[in-house]
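A.B. asks: model the structure of this input:
(one chain, ligands or ions: 1)
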Amino acid sequence: MEDWLPPHFAYRKNQLWLEGVKLDEVAAEYGTPCYIYSARGIREAFERYRSGFEAAGLDVTICYAVKANSNLAILRLLQSLGAGADVVSAGELYRALEAGIDPAKIVFAGVGKQRPEIEFALQKGIKAFNVESAGELALIERIALEARLPHALGISIRVNPDVEAETHPYITTGKHSNKFGLAIEDAKQLALKVVASPVLKLRGLQMHIGSQLLKVQPIVDAFRRLVALAGEVEAISGQKLEYLDLGGGLGVSYTGEQPADPAILAQAIAEVLKEAGRSYPLLTEPGRYLVAESGALLTEVLYLKSNEATNFAIVDAAMNDLIRPALYQATHKIVALALPKNSVAESNIQNYEVVGPICESGDWLGRNVALSDLEEGARLAILCAGAYGFTMASNYNSRPRAAEILIDGAQHRLIRRRETLEDLLAAERL
Ligand code: LLP
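C.D. replies: Residues are numbered from 1 along each chain as shown. The predicted structure follows:
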């Protein structure tokens, strides 16, 4: 879709605005590259998720997947809306707690939790560890015994339902060829071990089949297996589970695709429960859906050069700022912050390879990007970069990481300053 823009981005008088802010001015004020986020967009995405589940009559806790965007101000915004968190490291847990997220709404996921991380999470009183192997469960139980907690420690078992999620192979997680979760029979055995433990409490079962899911059906198929397993575990143990956890959220539109609506997903989930004659409170862990479309990476064109094969637009953002194109061949729509004054008929439209300054041919941000009357010094927005953008950024080529700015109505404020050269060396010793 040529003209498609994410919510709250719009051209007015040839200038790209986000909410009540002209982006060329923001870029000039804070410098480029910088990430900008729409608070309104994030609030609306959260409300769409919540209201979709509520409309289907489901009791849902939204545990935001911190890995998608872990800036403290973004976490605080989501906390203020009532979000819990899905964390995968002590670092993410620390961030979530600093942002004020209630530990009773935090779940800790990941195949490789380490002793200090488990101890930290246990002290903070999180809702549950999503356990992914027998060895991990044994370690958590040992730590719980040593800690002599006054209450049992919450555990959920992550199931690998072996379904095809129909997304990029790097972000498919629910097949038996993926390292995640436990096959249904193994999950059952582990769940029963938890039930038998004096220091652990089996709270729920969890699944997660992949990310950027545009279709509801694979999630529903996996959930049906989760519900059947829950029934078996309850029949054997004689205990009712407190919740079922659906894992990550729905995909988003990068270039105008039509992702499923949370209300449709929720309706289908409610149907599965109804068919099975069961009801559970639910947890869900959306990341991308809540933040992706609300963010963009702003960058400036440094140089233009062409040969007979290719027109290059060399910009000041690079794969260290946004690695999704290089890593997944992901397409992010790229648009100009200021449109040329010429009419379409008079303008010179060229297709560009938008590339960064990093010394690798894999350092590209967009391919075949049609831009008109592009000049050196012009600024561009790389759209839908609010999720897995800054959180996957690195200092490769010793590039300081970009600034982050939160826009809310006509207001904008810095929520992470640009790193300095001193920051790059701060942890090192000669
Ligand atoms: N829960 C678990 C256990 C997860 O592993 C993930 C994502 C989520 C929740 C959140 O999924 P979402 O709602 O965002 O789809 N870096 C990749 C995405 C990796 C996702 C990994 N797990 C990308 O840029 O596309």
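
A.B. asks: can you pull the residues of the stretch 151-300 of the chain lying near the ligand?
C.D. replies: 171, 173, 208, 211-212, 247-249, 285-289 (CB under 6 Å from any ligand atom). Placement of C-beta: from N, CA and C, glycine included.

A.B. asks: which one (most neighbours) among those?
C.D. replies: Gly247 (31 neighbours; other CB atoms under 10 Å).

A.B. asks: Provide the secondary structure category for that residue.
C.D. replies: Here Gly247 is strand, with the state taken from DSSP: H, G, I helix; E, B strand; the rest coil.

A.B. asks: confidence score at it?
C.D. replies: Note on Gly247: pLDDT of 96.

A.B. asks: contact partners for it?
C.D. replies: Residues in contact with Gly247 (CB atoms under 8 Å, 6 or more residues apart in numbering) are 206-209, 284-285.

A.B. asks: change it to 7 Å
C.D. replies: 206-209, 285 (CB atoms under 7 Å, 6 or more residues apart in numbering).

A.B. asks: just Glu166 next, same as before
C.D. replies: 215, 218.

A.B. asks: residue ranges with poor pLDDT in the stretch 101-250 of the chain?
C.D. replies: Flagging of the stretch 101-250 of the chain using pLDDT under 70 yields the residue ranges 170-171.

A.B. asks: who's the residue in it that the ligand sits nearest to bridged to?
C.D. replies: Nearest residue of the stretch 101-250 of the chain to the ligand, counting by CB to the nearest ligand atom: Gly248, 2.5 Å away. Beta bridges link Gly248 to Glu285, judged by DSSP bridges.

A.B. asks: make residue 1 into 44 and carry on from there
C.D. replies: Okay, using 44 as the starting number, the last item reads as Gly291.

A.B. asks: touching, it and Ser254? I think so.
C.D. replies: Yes: applying CB atoms under 7 Å as the test, Gly291 and Ser254 come out as touching, 5.5 Å apart.

A.B. asks: contacts only, for the residue of the stretch 144-293 of the chain closest to the ligand.
C.D. replies: 108, 251, 254, 328-330.

A.B. asks: now swap in Glu175 and tell me
C.D. replies: Glu175 touches 154, 201, 223-225, counting by CB under 7 Å, 6+ apart.

A.B. asks: same question, Leu326
C.D. replies: Per CB under 7 Å, 6+ apart, neighbours of Leu326: 104, 106, 150, 286, 288-289.

A.B. asks: among those, which pair sits farthest apart?
C.D. replies: Pairwise distances across the contacts of Leu326 (CB to CB) peak at 11.8 Å, for the pair Val150 and Leu289.

A.B. asks: what's downstream of whichever strand or helix holds Leu165, the next helix or strand?
C.D. replies: Element membership of Leu165 [criterion: DSSP states H and E] is helix 158-167. Using DSSP H and E, the helix or strand that follows helix 158-167 in sequence is strand 171-174.

A.B. asks: show me what that next one pairs with in its sheet, parallel or antiparallel.
C.D. replies: strand 149-151 (parallel), strand 196-202 (parallel).

A.B. asks: hang on, the earlier thing: closest one of the contacts of Gly290 to Arg422?
C.D. replies: Closest to Arg422, out of all of the contacts of Gly290 and judged by CB to CB, is Glu328, at 34.7 Å.

A.B. asks: mind giving me the packing neighbours of whatever helix or strand Ile450 lives in?
C.D. replies: Using DSSP H and E, Ile450 sits within strand 446-451. Helices and strands in packing contact with strand 446-451 are listed as helix 66-73, strand 77-81, helix 82-98, strand 454-459; criterion 3 or more CB pairs under 7 Å, 6 or more residues apart in numbering; DSSP states H and E.

A.B. asks: report the rounded mean pLDDT for the last one.
C.D. replies: Read it as strand 454-459. 98.

A.B. asks: I would like the residues contacting that strand, please.
C.D. replies: Here strand 454-459 makes contact (CB under 7 Å, 6+ apart) with 64, 69, 73, 114, 116, 446-449.

A.B. asks: just those that are near the ligand?
C.D. replies: Checking the contacts of strand 454-459 against the ligand by CB under 6 Å from any ligand atom, not one of them is in range.

A.B. asks: look up how far the ligand lies from the residue of the chain positioned farthest from its centre.
C.D. replies: Relative to the C-alpha centroid of the chain, counting by CA atoms, centre = their mean, Glu389 is the outermost residue, at 41.2 Å. Separation of Glu389 from the ligand (CB to the nearest ligand atom, to the nearest Å): 39 Å.

A.B. asks: in the protein, which strand has the most residues?
C.D. replies: The longest strand of the chain (DSSP state E) is strand 338-349.

A.B. asks: can you tell me the closest non-neighbouring residue to the residue nearest the centre of the chain?
C.D. replies: In the chain, the C-alpha nearest the mean C-alpha coordinate belongs to Ala111, at 2.6 Å (CA atoms, centre = their mean). In space, and not counting its chain neighbours, Ala111 is closest to Gly330: 3.0 Å by CB to CB, 6 or more residues apart in numbering.

A.B. asks: list the residues that contact the one you found.
C.D. replies: Applying CB under 7 Å, 6+ apart to Gly330 gives the contacts 107-108, 110-111, 291-292, 430.

A.B. asks: mind running it again at 8 Å?
C.D. replies: 107-112, 129, 254, 291-292, 430-431.

A.B. asks: on the strand side of things, show who the closest residue to the ligand within the stretch 44-193 of the chain bridges to.
C.D. replies: At 3.5 Å from the ligand, Ala108 is the closest residue in the stretch 44-193 of the chain, using CB to the nearest ligand atom. Note on Ala108: beta-bridge partners by DSSP bridges are Asp129.

A.B. asks: in a strand, Ala311, correct?
C.D. replies: No: with three-state DSSP as the criterion, Ala311 is helix rather than part of a strand.

A.B. asks: for this protein, just list every one of the helices.
C.D. replies: 66-73, 82-98, 115-123, 133-141, 158-167, 177-190, 227-239, 260-280, 305-319, 331-334, 367-371, 464-468 (DSSP state H).

A.B. asks: re earlier: isn't the residue nearest to the centre of the chain right next to Ser337, touching?
C.D. replies: No: here Ala111 does not reach Ser337: they are 11.0 Å apart, not a contact under CB atoms under 8 Å.

A.B. asks: overlap of the contact sets of those two?
C.D. replies: Gly429.

A.B. asks: residue in the stretch 344-473 of the chain nearest to the ligand?
C.D. replies: Tyr431 (3.1 Å).

A.B. asks: okay then, goodbye and thanks.
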